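A.B. asks: one predicted model, sequence on top.
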Amino acid sequence: MTNGAFAQTATIAAGSSGTIHYNYALALAKAASEISGLDLRPKPFMSPGQGAASVDRGEVDFGVHNAIILREAYLGLEFYEGRALTNLRAVARMIPFQTTLAVPGKSEIRTIEDMKGVRFPAGFDATAFGDRLYEAILGTAGLSFDDVNVIHVNDWAGLGKAFVGGEIDVGGLVVGAPTSTRYAELVEGYRGISIRNDPEVEAQLQELFPSSRLAVVEPAEGLAGVLEPLTVLEYDYWVFTHKDVPDETVTAFLTAMSQGKDILVSASKDFRDFDPELMHQDIGVPFHPAAEAFYAGR
């Protein structure tokens, strides 16, 4: 961890090359360098959870994770029961993340209800959140893993390989992500499946995943798999840090992030919906003192 006066160099936990977390880290590093002169160096990890644990130990300065897991990690819930990462501090809401299930164009599946009995991905040894997320989406139609033919996948990359190879009938769709673009190139007619859009379903999902919500995405250029208005699960990705990272480093990072939307979008289209006015929200994780001061001064 960087200490002392203003840090010219800092680190940010990233996923392995090609993952969304790695792309997020690269974009943030570009903005930090060009606006604040902060040399923010991505450090790859096999999963964002491993990165969060490293930030908690003070080995890395910043990390990126979704609001759901960040809150659970800090509070010691679910996977983190008995091993809370209490040194983590929130820095900024980054972007909304939108996802649902998807199928090839030739599939007869039109709704989540139609997935009963299909070959469905589960397991996710490297990222336990995958099972929770996909079973929750099945649950919006009254289904569970007991109602599908479970095919084991180890991680998101394994899911993609199995989906493209025709080993499973259902894959994933992350709105606007490069992975969805690749699926559309390799799986003819690749299309997302809407989650049932009603208040009961949204309340059910929010109970499982606080800070989540339903959103309707309209077809647009660059949104592979969105062939019609699509109801998806949306939750936010956040940047976090260790409680003892110097104030100057956090302030430099926030200055770059708040002023750097054009740079962020140029580095990753995922930042198209980034809103500097929505960086400060309550997700149940305390903010770093420098972040609190930054937002109070705006």
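C.D. replies: Perfect, thanks for sending it.
A.B. asks: the stretch 101-250 of the chain: strands as residue ranges?
C.D. replies: 119-123, 149-153, 171-174, 191-193, 213-217, 230-242 (DSSP state E, counting those that start in this stretch).
A.B. asks: would you turn those strands into a markdown table with mean pLDDT and distance to residue 49?
C.D. replies: Where you see a C-beta, it was placed from the backbone N, CA and C, and this is true even at glycine. Listed next are the strands of the stretch 101-250 of the chain as a markdown table, based on pLDDT from 0 to 100; distance: least, CB to CB, whole Å:
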| stretch | mean pLDDT | distance to residue 49 |
| --- | --- | --- |
| strand 119-123 | 94 | 16 |
| strand 149-153 | 95 | 17 |
| strand 171-174 | 96 | 18 |
| strand 191-193 | 98 | 26 |
| strand 213-217 | 96 | 23 |
| strand 230-242 | 97 | 12 |
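A.B. asks: distance of residue 68 relative to residue 196?
C.D. replies: Noted for residue 68: a distance of 20 Å to residue 196, by CB to CB, to the nearest Å.
A.B. asks: show me which of these two is the more surrounded one.
C.D. replies: Neighbours per residue, other CB atoms under 10 Å: of residue 68 and residue 196, the larger number sits with residue 68, 23 against 16.
A.B. asks: contacting residues for the more buried one?
C.D. replies: For residue 68, the contacting residues are 129, 209, 210, 211, 212, 235, taking CB atoms under 8 Å, 6 or more residues apart in numbering as the criterion.
A.B. asks: can you count the residues close to the closest residue to the last one other than its chain neighbours?
C.D. replies: When the adjacent residues along the chain are set aside, residue 235 lies closest to residue 212, with 4.2 Å between them (CB to CB, 6 or more residues apart in numbering). Residue neighbour count, defined by other CB under 10 Å, stands at 21 for residue 212.
A.B. asks: same deal with residue 185?
C.D. replies: Using other CB under 10 Å, the number of residues around residue 185 comes to 11.
A.B. asks: just to revisit the earlier point, buried subset of the contacts of residue 68 as a ChimeraX selection?
C.D. replies: Here is the ChimeraX command that selects the buried residues among the contacts of residue 68 (16 or more other CB atoms under 10 Å):
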select :129,209,211,212,235
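A.B. asks: which one of the contacts of residue 68 sits closest to residue 88?
C.D. replies: The shortest approach to residue 88 among the contacts of residue 68 belongs to residue 211, at 15.4 Å (CB to CB).
A.B. asks: how about the contacts made by the closest one?
C.D. replies: With contacts defined as CB under 8 Å, 6+ apart, residue 211 is in contact with 67, 68, 71, 235, 236, 283.
A.B. asks: what's the pLDDT at the nearest residue to it once chain neighbours are set aside?
C.D. replies: Nearest in space to residue 211, with sequence neighbours left out and distances taken as CB to CB, 6+ apart, is residue 67 at 4.2 Å. In this model, residue 67 is scored at 94, pLDDT.
A.B. asks: ok, residue 67 - contacts?
C.D. replies: Going by CB under 8 Å, 6+ apart, the list of residues near residue 67 reads 93, 210, 211, 235, 236, 237, 238, 283.
A.B. asks: ok, back up a step: pipe the strands of the stretch 101-250 of the chain into a markdown table and attach distance to residue 50 per row.
C.D. replies: Shown next, in a markdown table, are those (distance: least, CB to CB, whole Å):
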| stretch | distance to residue 50 |
| --- | --- |
| strand 119-123 | 18 |
| strand 149-153 | 19 |
| strand 171-174 | 21 |
| strand 191-193 | 29 |
| strand 213-217 | 28 |
| strand 230-242 | 14 |
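A.B. asks: quick check: which of those strands is nearest to residue 295?
C.D. replies: For the strands of the stretch 101-250 of the chain, proximity to residue 295 was assessed by CB to CB; strand 230-242 is nearest, at 13.4 Å.
A.B. asks: what lines up beside that closest one in the sheet?
C.D. replies: The strands that strand 230-242 pairs with in its sheet are strand 62-66 (antiparallel), strand 88-103 (antiparallel), strand 213-217 (antiparallel) (by DSSP bridges).
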